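J.: can you look at this prediction? I've put the sequence above it.
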Amino acid sequence: MPNRHPLASTPLAQTSYAPTRRSVLRGAALAGAALGLGGPLAACGSGGSGGSSGPVTFGSNFSDAVPKKGMQQVFDAFPKNGGSKVTVHTTEHNAFQEQINSYLQGTPDDVFSWFAGFRMQFFAQKGLSTPIDDVWAKVGANYSDPLSKASTGLDGKKYFVPFYNYPWAVFYRKSVFAEKGYQIPKTFDEFKTLAAKMKNDGLVPLAMGNDGGWPAMGTFDYLNMRLNGYDFHISLMHGKESWTDKKVKAVFDLWKSLLPYTQPGALGRKWEEAATTLVQKKAGMFVLGMFVGQQFTDPADQKDLDFFAFPEIAPEHAQDAVEAPIDGFMLSKKPKNLAQAKKLLEFFASGKAQDIYLAVDPNNIATAKDADTSKYNDLQKKAVEIVSSAKQISQFMDRDTNPTFASTVMIPALAKFIGNPGDVDSIVKSIDAQAKTIFTS
């Protein structure tokens, strides 16, 4: 979260109701709605200097049924592997994000779930997280250099333990492609040609559910990286490029050409509902993260799910960049049970812990080198291949940029574009003006 994220000042109470969706960011504009869903995010740590007895507390955003079950099995295994009991305080995924700032400034749990990239670096820089270089001295060999870099704060210290990541791609059902004779598109022109054929065949070519605004971010990210390259994309996300640049306008023009093939009514549809159209074979494709597999509850349907990399637009950038957010854990500023909190982080860094989780939630891939990939399903094996072969890995818009900018500017701007794609000039001018204020203040 950024330093200007307009979060509610009241700490959140823990909740246990069923989630509405898996999301990265719902935006500050929905903070009030999140509070209306249940109580506030619990701040349950005591703020002590760090002991070694008693349970370790964990602030969790794993509120969806499948991830929550997977994490509980990891927590149950921790005492059997030299750790203490884990007291878990679960908050609905979106509410956790929206209230994290006030939570961490209060008396948070010893360890909390969070994200790599800008999100991690912000709290580290603000002193709201404890460095864990000693943990990394023990577990560092179990991670690749890119994962090590993604866990490093601006001061060069380690603050984050990666647990899993997952690629964004174009998901589809193999049986639909086989039945219709569709071929995997390699280029954007082939992608549009395929979409047109799907539409002619009575399918929704591109499923979309943009309730909350975050799914559209993934489409923008891929279009920008494929057209203008990873470096320009990251520079734009960091406020170093103008949103009125012709390169950015070209991204929106490309996206405009896809909208006739995109599921109508996306702004009021949840991603789960859009995924259902893919499950039911009413939609041909869906640009989303690998967690789309959570909606494929029938084993036969799950085996039928596949994906391909977002197609090439500019040959010089090919399909080099992959959007593959990293989820993991951080240590709060003054954990009550410091010794056990660090032990828990060490356990999270093991292939054993990640294997336990992924056995329940096979919609991600492990980050630890010693994880047992022999049990991966075909989708996970393919995910490992696409992530490991990527020349650049992005974290997703709200993790690569200032999240205040993502939530208060980009969510409404992308929604406005989807609703009125003919208004690109005014949209990019508005984005640019707000970006200058946010990135220079």
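T.: Received it, and whenever you're ready, just let me know what you need.
J.: now the helices for the stretch 301-441 of the chain?
T.: Here the stretch 301-441 of the chain has its helices, by DSSP state H, counting those that start in this stretch, at 338-348, 351-360, 378-388, 397-400, 403-404, 411-419, 424-440.
J.: again but with the stretch 51-200 of the chain, I slipped
T.: 65-77, 93-105, 118-125, 133-139, 145-150, 174-180, 188-200.
J.: which secondary structure elements does the last one contact?
T.: If I follow you right, that is helix 188-200. strand 204-207, helix 246-258, strand 283-289 (3 or more CB pairs under 8 Å, 6 or more residues apart in numbering; DSSP states H and E). In short, each C-beta sits where N, CA and C put it, glycine included.
J.: list the contacts of residue 252.
T.: Neighbouring residues of residue 252 by CB atoms under 8 Å, 6 or more residues apart in numbering: 417, 421, 424, 427-428.
J.: at 10 Å instead, please
T.: Counting by CB atoms under 10 Å, 6 or more residues apart in numbering, residue 252 makes contact with 220, 223-224, 243, 414, 417, 421, 423-425, 427-428.
J.: likewise for residue 219?
T.: Residues in contact with residue 219 (CB under 10 Å, 6+ apart) are 168, 206, 208, 210, 251, 255, 258, 262, 287-288, 310, 414, 418.
J.: taking those together, which two end up most distant?
T.: 251 and 288 (18.8 Å; CB to CB).
J.: look up the pLDDT of the closest residue to residue 215 other than its chain neighbours for me, please.
T.: Excluding its sequence neighbours, the residue lying closest to residue 215 (CB to CB, 6 or more residues apart in numbering) is residue 271, at 5.5 Å. Looking at residue 271, its pLDDT is 95.
J.: count the residues that sit near residue 271.
T.: As a burial measure, residue 271 scores 27 neighbours (other CB atoms under 10 Å).
J.: for residue 215, the count of nearby residues, please.
T.: Using other CB under 10 Å, residue 215 has 26 other residues around it.
J.: I'd say it and residue 263 touch.
T.: No. Taking contacts as CB atoms under 10 Å, residue 215 lies outside contact range of residue 263: 11.1 Å.
J.: overlap in contacts, the two.
T.: 207-209, 269, 274, 286.
J.: got a markdown table for the contacts of residue 219, with pLDDT and distance to residue 329 too?
T.: Listed next are the contacts of residue 219 as a markdown table, based on pLDDT from 0 to 100; distance: CB to CB, whole Å:
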| residue | pLDDT | distance to residue 329 |
| --- | --- | --- |
| 168 | 97 | 22 |
| 206 | 98 | 34 |
| 208 | 97 | 31 |
| 210 | 94 | 29 |
| 251 | 98 | 34 |
| 255 | 98 | 35 |
| 258 | 98 | 37 |
| 262 | 98 | 36 |
| 287 | 98 | 28 |
| 288 | 97 | 24 |
| 310 | 98 | 29 |
| 414 | 97 | 30 |
| 418 | 96 | 34 |
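J.: low-scoring pLDDT stretches of the chain, where are they?
T.: For the chain, the stretches with pLDDT under 70 are 1-53.
J.: now, of the contacts of residue 252, which are buried?
T.: 220, 223-224, 243, 414, 417, 421, 424, 427-428 (16 or more other CB atoms under 10 Å).
J.: so which of these comes closest to residue 91?
T.: Nearest member of the buried ones among the contacts of residue 252 to residue 91, counting by CB to CB, is residue 414, at 26.0 Å.
J.: OK, contacts around the residue lying closest to the closest one once chain neighbours are set aside?
T.: Sequence neighbours aside, residue 216 is the residue nearest to residue 414 in space, at 4.2 Å (criterion: CB to CB, 6+ apart). By CB under 10 Å, 6+ apart, residue 216 lies in contact with 208-210, 255, 262, 266-267, 287, 397, 410-411, 413-415, 417-418.
J.: where's residue 216, which helix or strand?
T.: According to DSSP states H and E, residue 216 maps onto helix 214-228.
J.: chain center to the next helix-or-strand element following that helix: distance?
T.: Where DSSP H and E defines the elements, the next helix or strand beyond helix 214-228 is helix 230-237. Relative to its chain's centre, helix 230-237 lies at 18 Å (CA atoms, centre = their mean, to the nearest Å).
J.: likewise stretch 69-84?
T.: 24 Å.
J.: and it, how far apart are its ends?
T.: One end of stretch 69-84 to the other measures 19 Å (CA to CA, to the nearest Å).
J.: repeat that for stretch 154-167.
T.: Start-to-end span of stretch 154-167 (CA to CA) is 25 Å.
J.: list the buried residues for it?
T.: Here stretch 154-167 shows 158-167 as buried, counting by 16+ other CB under 10 Å.
J.: repeat for stretch 74-83
T.: Buried-residue list, stretch 74-83, by 16+ other CB under 10 Å: 74-75, 77-78, 83.
J.: one more: stretch 372-391?
T.: 376-377, 379-380, 382-384, 386-387, 390.
J.: residue 180 reaches residue 284, doesn't it?
T.: Yes. Taking CB under 10 Å as the definition, residue 180 is a contact partner of residue 284 at 8.2 Å.
J.: any residues in contact with both of the two?
T.: 194, 197-198, 201, 203.
J.: tell me the spacing between residue 57 and residue 333.
T.: Using CB to CB, to the nearest Å, residue 57 is found at 14 Å from residue 333.
J.: so which of these two has more stuff around it?
T.: Each of residue 57 and residue 333 has its neighbours counted (other CB under 10 Å); residue 57 has more, 25 against 17.
J.: just give me the closest of the contacts of residue 252 to residue 136.
T.: Nearest member of the contacts of residue 252 to residue 136, counting by CB to CB, is residue 224, at 32.5 Å.
J.: residue 277 versus the closest one, what's the distance?
T.: According to CB to CB, residue 224 and residue 277 sit 26 Å apart.
J.: how about residue 430?
T.: Noted for residue 430: a distance of 32 Å to residue 277, by CB to CB.
J.: who has more neighbours out of the two?
T.: Neighbour count, other CB under 10 Å: between residue 430 and residue 277, residue 277 has more, with 19 against 16.
J.: chain neighbours aside, what residue packs nearest to the more buried one?
T.: Distance criterion CB to CB, 6+ apart; nearest residue to residue 277, sequence neighbours excluded, is residue 283 at 4.0 Å.
J.: state the distance from that neighbour to residue 115.
T.: 28 Å.
J.: run the chain-centre distance for stretch 228-236.
T.: Distance, stretch centre to chain centre, for stretch 228-236: 19 Å (CA atoms, centre = their mean).
J.: got the contact list for it?
T.: Contacts to stretch 228-236, defined as CB under 10 Å, 6+ apart, come from residues 220-227, 240-243, 245, 247-248, 250-251, 313-314, 316-318, 320-322, 390-395, 397, 400-401, 435.
J.: list the buried residues in that stretch.
T.: Applying 16+ other CB under 10 Å to stretch 228-236 flags 228-230, 232-234, 236 as buried.
J.: got it, and stretch 354-370?
T.: Buried residues in stretch 354-370, defined by neighbour count with 16+ other CB under 10 Å: 354-358, 360-368.
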